[in-house]
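Take this sequence and fold it.
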Amino acid sequence: GFCGDPDDETCWFQCSGPGRYQCRVSGLVFDMTGGGDVFYRVVPWNRSLLGPHGKKPAGPLFDISCQQRSVARLHLPHCEVRSTGRCHFLSVAHLHDEGVEFIRPERITETHIVISITGFSAFGNVKDEDSPPDPVRALVLLFYRPPADPDVTSFLNVLLLPRNIVIRDLKRSRKKLSEDELFIDVPPHCKLHPDQVYTLSTSPENESVKVQPKEAEFDGEHYKDYFPSFQVTLKTLIRDIHLNLVEKSSSSCVWERDVHLLPAKMKTQLLSSEQLKEIRSSIIDRISGPNLKSLLDKLQLKGMMTEPESEEAGEMKSRHDKAQFIIDTTVRRKGDDASSEMIRFLCELDPYFSKDLGL
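Residues are numbered from 1 along each chain as shown. Model prediction:
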């Protein structure tokens, strides 16, 4: 479960007996000698404690406590590629009131570093500062900020991160920066070289799509403050985009995906809002009197027009004025949902007219 301040969330689990338990959120594994309540959360690294020892972060720092002291072993997720043979650069830092101690692993599996523990406080993977920049398992994560009506400009933030970050912590951090930002769920896995430079290209690639910066270095120690490596600015409404991440030195593609930017509901709303602006004049000029009356009835029935608004529209003699009043005064001013509903009603009332309008 989760407890504490939403801005500083703590995970916890309760077990009634010995066993091995894995957290599906953090990837941590606990070997328990008996029952207990374990609490843990991600906290920032204090790099000044690592520097004098020639160490740097190689994973999140977890503040862990267990009142019953029944955790015998801790398995911390790592992102190293074990086949490179470089895992001997890894150890675990234990930060406590007296300072920091470095624990040699009992063993290193493909995914975890295993250590025995007796005391508690903060634990996190570290590696030697002079360790070679071999590739690590990494993630390319996408966060999309959709357009704010009436502006059609949107932003796609691209984050290059080590695989052993805690994604729930990342999402919470991103949410603080922008409430409207959406996580785009695409396969994120790849291998990246720390300190290597990468470029991001897009398709379509034209003046309406801008990637900045032109290139970015992969920071393999990015474990708490999660900022984009690239930002793609989309100056028109784009449903789908192809992304291609290339290592600059070798020109080799390390990750590419076709990305669907808009959830189905949002696609409908945004397209409806834009469509209504584009076809407003055509509707006003060409909608028939009977269809206009039926549209008025449907809008009132659905509560999208108040009774005074409906009466005012009904008193208008000119079909042109009535259509303009309905679109401008009642629908466009009431947001995307109203626009979507109006277009749906038009399609139901006159499919041929709607098809001719491009609906």
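
Quick one: residues contacting the closest residue to Glu9 other than its chain neighbours.
The shortest distance from Glu9 to any non-neighbouring residue, by CB to CB, 6 or more residues apart in numbering, is to Phe2 (5.4 Å). To be clear about C-beta, it is placed using only N, CA and C from the backbone, and glycine gets the same treatment. Applying CB atoms under 8 Å, 6 or more residues apart in numbering to Phe2 gives the contacts Glu9, Thr10, Cys11, Trp12.

Which residue ranges of the stretch 101-250 of the chain form strands?
Taking DSSP state E, counting those that start in this stretch as the criterion, the stretch 101-250 of the chain carries its strands at 107-108, 112-116, 121-128, 136-145, 154-162, 182-184, 189-192, 197-203, 209-212, 215-217, 230-234, 240-247.

would you turn those strands into a markdown table with mean neighbour count, distance to Leu276 and mean pLDDT?
Listed next are the strands of the stretch 101-250 of the chain as a markdown table, based on neighbours: other CB atoms under 10 Å; distance: least, CB to CB, whole Å; pLDDT from 0 to 100:
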| stretch | mean neighbour count | distance to Leu276 | mean pLDDT |
| --- | --- | --- | --- |
| strand 107-108 | 12 | 59 | 92 |
| strand 112-116 | 19 | 54 | 95 |
| strand 121-128 | 21 | 53 | 94 |
| strand 136-145 | 22 | 23 | 95 |
| strand 154-162 | 22 | 19 | 95 |
| strand 182-184 | 17 | 23 | 92 |
| strand 189-192 | 18 | 41 | 96 |
| strand 197-203 | 17 | 28 | 96 |
| strand 209-212 | 15 | 25 | 96 |
| strand 215-217 | 15 | 39 | 96 |
| strand 230-234 | 19 | 20 | 96 |
| strand 240-247 | 17 | 22 | 96 |
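
could you check the angle strand 121-128 makes with the helix or strand containing Ala58?
If you go by DSSP states H and E, Ala58 is part of strand 55-66. Angle of strand 55-66 versus strand 121-128, following axes from the mean of the first three to the mean of the last three CA atoms, to 10 degrees, is 160 degrees.

Only the C-alpha atoms, please, for the next helix or strand after strand 55-66, written as PDB.
Next helix or strand after strand 55-66 toward the C-terminus (DSSP H and E): strand 71-77. Written as PDB, here are the backbone C-alpha positions of strand 71-77 (Å, rounded to 0.1, in the frame of the first residue of the first chain):
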ATOM      1  CA  VAL A  71      14.400  -8.100   6.800                       C
ATOM      2  CA  ALA A  72      17.400 -10.400   6.400                       C
ATOM      3  CA  ARG A  73      18.400  -9.600   2.800                       C
ATOM      4  CA  LEU A  74      17.600  -6.700   0.400                       C
ATOM      5  CA  HIS A  75      17.600  -7.100  -3.400                       C
ATOM      6  CA  LEU A  76      18.100  -3.700  -5.100                       C
ATOM      7  CA  PRO A  77      17.200  -3.400  -8.800                       C
END
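
Now do strand 71-77, average pLDDT.
Here strand 71-77 scores 96 as its mean pLDDT.

Quick one: list the elements packing against whatever helix or strand comes next after that strand.
Of the helices and strands lying after strand 71-77 in sequence (DSSP H and E), the nearest is strand 90-96. Secondary-structure packing of strand 90-96 (3 or more CB pairs under 8 Å, 6 or more residues apart in numbering; DSSP states H and E): helix 47-50, strand 55-66, strand 99-103, strand 112-116, strand 121-128.

and strand 90-96, which strands flank it?
The strands beside strand 90-96 in its sheet (DSSP bridges) come out as strand 99-103 (antiparallel), strand 121-128 (antiparallel).

Quick one, which of those strands gets closest to Gly17.
Of all those, it is strand 121-128 that lies closest to Gly17, at 23.5 Å by CB to CB.

In PDB, list the C-alpha atoms belonging to that closest one.
Taking C-alpha atoms only, strand 121-128 is exported to PDB below (Å, rounded to 0.1, in the frame of the first residue of the first chain):
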ATOM      1  CA  SER A 121      17.900   3.900   6.900                       C
ATOM      2  CA  ALA A 122      18.900   4.600   3.300                       C
ATOM      3  CA  PHE A 123      20.200   2.100   0.800                       C
ATOM      4  CA  GLY A 124      21.100   2.600  -2.800                       C
ATOM      5  CA  ASN A 125      23.300   1.200  -5.600                       C
ATOM      6  CA  VAL A 126      26.500   3.000  -6.400                       C
ATOM      7  CA  LYS A 127      29.300   2.400  -8.800                       C
ATOM      8  CA  ASP A 128      32.900   3.600  -9.100                       C
END
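
what is the orientation angle of that strand with strand 136-145?
With the same axes, to 10 degrees applied, the angle from strand 121-128 to strand 136-145 works out at 120 degrees.
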